[in-house]
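Participant: Need a 3D model of the following:
(one chain, ligands or ions: 1)
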Amino acid sequence: MTDKGFVVLDNVAKRWKGQLGVENITLDIEEGSFVALLGPSGCGKSTTLRLIAGLEAADEGHIIIDGKDVTHAPSADRNLSMVFQSYALFPHLSVAENVVFGMKVRRVSKAERAERLARALKITGLEGLEARKPGELSGGQRQRVALARAIVAGKRLCLMDEPLSNLDAKLRASVRKDIKRLQRDLGITVIYVTHDQTEAMSMADKVVLMKSGHIQQVGSPADLYDRPANTFVAEFIGAPPMALIEAPVIGGAASSDILGLRAEHVRLAEPGAGRLTCTVAESEFLGAETLISLSHPGTTGLCVLQPGLAPVEVGTEVSVTFDDRDIHVFDSEGRRREAV
Ligand SMILES: Nc1ncnc2c1ncn2[C@@H]1O[C@H](COP(=O)(O)OP(=O)(O)OP(=O)(O)O)[C@@H](O)[C@H]1O
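Facilitator: The predicted structure follows:
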């Protein structure tokens, strides 16, 4: 275990009546970084966040925040703020009252409240809206109020659980940028739960990808994309996900290895001149390019990207090729063969 990180989880586990929440969670989070907990529904993201927040008690392991063992400390003693997907705003209070509410409870002086409120409203672009009630705001504005409330708390650690999930795609993209900018400008540490890989990949310095209560890989977005630790990571990260191919399909020799290929590394070849002959299963025009999905026995998710609108008919045969250096190799258990 290292004691260097700002937030350290050492072999943390949580179970309910024997049912697994999370297990073997070991993390070392640097101060000032943006860490995304990513994974499919039920993988343990929220449980991990709630353990850090002190909303759940760990059954095993230790949680350290800013050098202090808080494993058994109540939430209020952990010196952090939280933002949830539900906004959790008081409907009968104005924007300003919602933002300063926590400070009032903590008996922060009136002058300081006013100063921190003005700063938070400016940072979140809510100036002029302070007298409105949450019901008179858009979803994005409400989410900004929740962010402003977390900012005025002035904590160095902010935990966010799917804060954008109630917003439409366009708003999500813009609030995503706001959150990232805020985190950078304020220099705070953010631990952010999401099931959306675009959100995690675009915002985080470090992504923690989870599955069934266990961490699969911790790394930068580029690490996860370029050097997935196993086939789960390979198929979870990237749109389209990495194609998986049984080794004998292209290798000739019988092997239980699984090979991975990203769409951008697959090229169309002259008929019969490529390494695989596949059938076009689907062709999707995405605007700048066309995503052509291919079917071939022993492969899943094989596809090729063509610039612009590619005139390829579903059901036709195409030959594809790729370079050996772009092939990822996983063993029969799905683990990456080279060190990650
Ligand atoms: N209070 C609880 N009692 C029993 N089991 C729970 C409880 N909270 C969570 N779990 C279980 O723990 C596992 C992890 O749940 P968790 O909510 O952390 O997942 P998640 O990745 O955040 O999922 P989602 O994206 O759907 O919110 C799940 O199997 C869930 O059913």
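Participant: Now do the contacts for whichever residue of the stretch 201-340 of the chain sits closest to the ligand.
Facilitator: Distances between the stretch 201-340 of the chain and the ligand by CB to the nearest ligand atom are smallest at G213, namely 6.2 Å. Placement of C-beta: from N, CA and C, glycine included. Counting by CB atoms under 8 Å, 6 or more residues apart in numbering, G213 makes contact with 20-23, 43-44, 47.
Participant: Assumed R142 was part of a strand.
Facilitator: No: read with DSSP: H, G, I helix; E, B strand; the rest coil, R142 is helix and lies in no strand.
Participant: pLDDT averaged over stretch 84-91 - what is it?
Facilitator: For stretch 84-91, the mean pLDDT works out to 76.
Participant: Just checking it against the ligand, any contact.
Facilitator: No: legend: contact between stretch 84-91 and the ligand by CB under 6 Å from any ligand atom is lacking; minimum distance shown is 9.3 Å.
Participant: Now the terminal residues of that stretch, how far apart.
Facilitator: Start and end residues of stretch 84-91 are separated by 16 Å (CA to CA, to the nearest Å).
Participant: Show me what it is in contact with.
Facilitator: Contacts of stretch 84-91 (CB under 8 Å, 6+ apart): 97-98, 101, 133-135, 142-143, 145-146, 160-166.
Participant: Please apply the same query to stretch 54-74.
Facilitator: Here stretch 54-74 makes contact (CB under 8 Å, 6+ apart) with 1, 3, 5-15, 21, 25-26, 47, 50-52, 75-80, 156-157.
Participant: what residues are up against E31?
Facilitator: By CB under 8 Å, 6+ apart, E31 lies in contact with 5-6, 156, 189.
Participant: So for I237, what's the nearest residue that isn't a sequence neighbour?
Facilitator: Sequence neighbours aside, L224 is the residue nearest to I237 in space, at 4.9 Å (criterion: CB to CB, 6 or more residues apart in numbering).
Participant: tell me the SS of that neighbour?
Facilitator: Assigned with three-state DSSP, L224 falls in the helix class.
Participant: Which pLDDT value goes with it?
Facilitator: 97.
Participant: who touches it in this structure?
Facilitator: Applying CB under 8 Å, 6+ apart, the residues near L224 are 201, 207, 209, 217, 233, 237.
Participant: again with L268
Facilitator: L268 touches 274, 304, 306, 318-320, counting by CB under 8 Å, 6+ apart.
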